[in-house]
Each structure stands twice: as C-alpha cells, then as structure tokens.
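> Here's a sequence, model it:
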Amino acid sequence: MKTLLGDYPVTAALKRGEIGSARVRLEFADIRPVSAGFKRVVRGLEFDVAELAITTFLMALAAGKPYRLLPAVVVGRLQHPLLVHDASRGPLAPADLPGRRVGVRSYSVTTGMWLRGILAEDHGVDCDRITWVTFEEAHVAEFRDPPNVERAAAGKEITAMLLAGEIDAAIVGDGRPVEPRIRPLIADADGAARAWRARTGAIQINHVVAVKDSVADADAAEVARMLAESIRAAGSPDMNPYGVEANRRNLEVAIDHVHRQRLIPRRYRVEELLR
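Model prediction:
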C-alpha cells in the first residue's frame with residue numbers, strides 16, 4: 001500500500017518496521033516535508049494511506065475525494081504562539097488586526113484555520129476585515145480563496161516580509177522564528193493556549209491519517225491497528241490520541257471551525273468522516 005506518513009515519535013515504530021503485519025505492507029514515500037505531498041493525495045489520489053492536515057481532509061471530503069478517516073492524530077498542538085509580529089515596530093494586539101495585512105502560507109492551512117477561529121471567538125476579531133497574504137494555493141483544487149486574500153509576489157518569504165514591514169503579522173506554521181524581534185502577538189500565548197484547551201475540552205488537531213475508499217475494510221482496520229500500536233509505543237496519548245471516542249470532541253471542534261470559516265459547506269458528523 002503506497003503510504004505518505006511523516007517522521008514523528010508516534011510513527012517511528014511503524015516506519016522502522018517494528019510493527020509488522022501478515023496482511024498489509026506499507027511502502028513509505030520519501031517526501032519532506034510531508035505537507036509537500038498533500039496535493040498529490042487530494043489531486044492525484046496517489047496514495048492508499050496518507051497523512052493529511054485536518055482542514056485538507058475535510059475540504060477533500062466536501063469535494064468528493066475518495067478518502068475516509070482513520071482515527072489517529074499524528075500531529076496535534078496548540079497554535080496560539082504561532083501568530084507573530086515584529087515587536088520592534090511597536091505593540092500590536094488581536095483587536096488591531098482588522099484593516100491590516102497578515103501573512104500565512106495558504107489561506108486554508110490548518111494553523112491559519114485554528115488561529116482565525118481563536119481571533120474570532122476569543123478576541124472578537126472580524127477576520128473578513130483582515131487582508132490575508134498567501135504564498136501557496138489550497139491543496140484541494142476546487143477551493144477558491146475569498147476576496148480578502150491576495151498572493152504575495154513570486155520569490156517573497158513570509159519572515160522577510162514581516163521584518164520589512166510589508167505585512168503586519170504572520171502565522172508561522174512550521175515553528176517559531178528564532179529572530180528575537182519576532183514575538184507572539186497573543187499575550188501570554190502559552191497560557192492562552194492552555195486556557196483554550198481547558199474551556200473547549202479539545203486539542204487543536206493538525207494532521208490525521210486517511211485511507212482510500214478502495215482499500216478493503218479489513219486492510220484499513222489492519223493499518224489502523226498498526227498506527228494505534230505505534231502511537232502507544234511512543235507513549236504520547238495527550239497530543240496524539242487514537243480512536244473515535246478519544247477524538248470525537250477534537251474532531252467536532254475542528255469541523256465546527258472549518259465550517260464557520262466557509263471552507264466546507266456544512267458541519268459533518270464524526271461518523272461521516274469514517275464512512
């Protein structure tokens with residue numbers, strides 16, 4: 001089974017071959033970063049088993065792509081610290097963002113989805129009044145960016161644009177920049193993230209695992225077993241929960257956010273993701 005799966009503690013045992021199967025054999029594609037393969041999943045339908053960002057998965061489901069969810073979270077995190085600004089240019093608060101320009105890799109990227117939800121729900125920000133400056137199109141070809149999205153000029157880079165004042169803030173999904181001038185925009189971002197989790201009872205899912213509809217149920221169940229064993233071997237159930245009930249609340253919150261932002265046409269039930 002052609003497989004796209006990144007390198008994480010929760011996938012290490014599986015990818016090293018420590019978890020075997022007499023029924024299926026996973027052939028891992030070498031694509032780094034793994035997100036560079038997401039278009040190949042939802043456009044070319046290239047993989048039998050594939051890691052996908054939760055927003056990409058939900059948008060692909062809405063577009064009729066033939067994948068169903070395995071209830072494994074391979075990347076989960078709290079996103080508040082990843083909305084940043086150049087502190088040397090003076091204070092900037094969430095309430096200041098309407099009318100400003102905020103950079104993000106793609107409008108539909110999952111970190112951006114979560115942070116727009118945080119801005120709207122926790123800070124009362126009308127995200128439609130922000131100009132979102134993007135660098136890539138959506139993974140799902142059928143999606144069209146809303147009118148308050150513009151594409152950065154070819155060759156531009158998000159951190160350089162922030163430091164040059166060409167954008168007022170940025171969502172940096174690949175980690176916090178080391179440049180000391182760049183700091184989280186949300187006050188006490190780590191504390192705010194913990195408070196968000198306590199209030200919602202959820203983690204902010206980043207990446208899940210999907211299997212092509214053409215894969216037999218018994219084979220999909222075997223892949224699910226192998227993923228569950230690999231996650232257990234890593235001993236990190238807190239941010240990488242496995243199972244439908246362990247992820248029900250996480251998935252419901254994600255679906256709600258993606259729907260509110262008009263990335264999918266309706267709120268799906270969790271069972272519809274599993275088909």
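> Run through the strands of this protein in chain order.
Taking DSSP state E as the criterion, the chain carries its strands at 2-4, 27-28, 49-53, 67-77, 83-86, 101-104, 131-134, 149-151, 169-171, 182-184, 204-212.
> so of those, which one's packed in deepest?
Mean neighbour count (mean count of other Cβ atoms under 10 Å) peaks for strand 49-53 among the strands of the chain, with a mean of 27. In short, each C-beta sits where N, CA and C put it, glycine included.
> residues in contact with that strand?
1-6, 26, 34-35, 37-38, 41-42, 60, 67, 70, 74, 109-110, 139, 206-212, 215, 223 (Cβ atoms under 8 Å, 6 or more residues apart in numbering).
> Low-confidence ranges, the chain, go.
174-176 (pLDDT under 70).
> any idea how it splits into domains?
For the chain, automatic domain parsing gives the domain ranges 2-77+204-274, 80-198.
> Quick one: end-to-end distance for the last one.
Domain 80-198 stretches 14 Å from its first residue to its last (Cα to Cα, to the nearest Å).
> closest one to Glu271 among the strands of the chain?
Each of the strands of the chain has some distance to Glu271 by Cβ to Cβ; the shortest is strand 67-77, at 10.0 Å.
> Could you list every helix and strand that the closest one packs against?
strand 49-53, helix 54-62, strand 204-212, helix 217-234, helix 244-260, helix 270-274 (3 or more Cβ pairs under 8 Å, 6 or more residues apart in numbering; DSSP states H and E).
> I'd like the distance between the nearest residue to Glu252 once chain neighbours are set aside and Ala141.
Spatial nearest neighbour of Glu252, chain neighbours left out: Val270 (6.5 Å); criterion: Cβ to Cβ, 6 or more residues apart in numbering. With distances taken as Cβ to Cβ, to the nearest Å, Val270 is found 26 Å from Ala141.
> Of these two, which one has the most company?
Taking other Cβ atoms under 10 Å, Val270 and Ala141 do not tie; Val270 has more neighbours (18 against 11).
> Name all residues that make contact with the more buried one.
Counting by Cβ under 8 Å, 6+ apart, Val270 has contacts Val244, Asn247, Arg248, Leu251, Glu252, Ile255.
> The fourth one is in contact with Glu271, isn't it?
No: with contacts defined as Cβ atoms under 8 Å, Leu251 does not count as touching Glu271, sitting 10.1 Å away.
> Of these two, which one has the most company?
Leu251 (23 against 10).
> mind listing what that one touches?
Contacts of Leu251 (Cβ under 8 Å, 6+ apart): Ile54, Ile205, Val270, Leu273.
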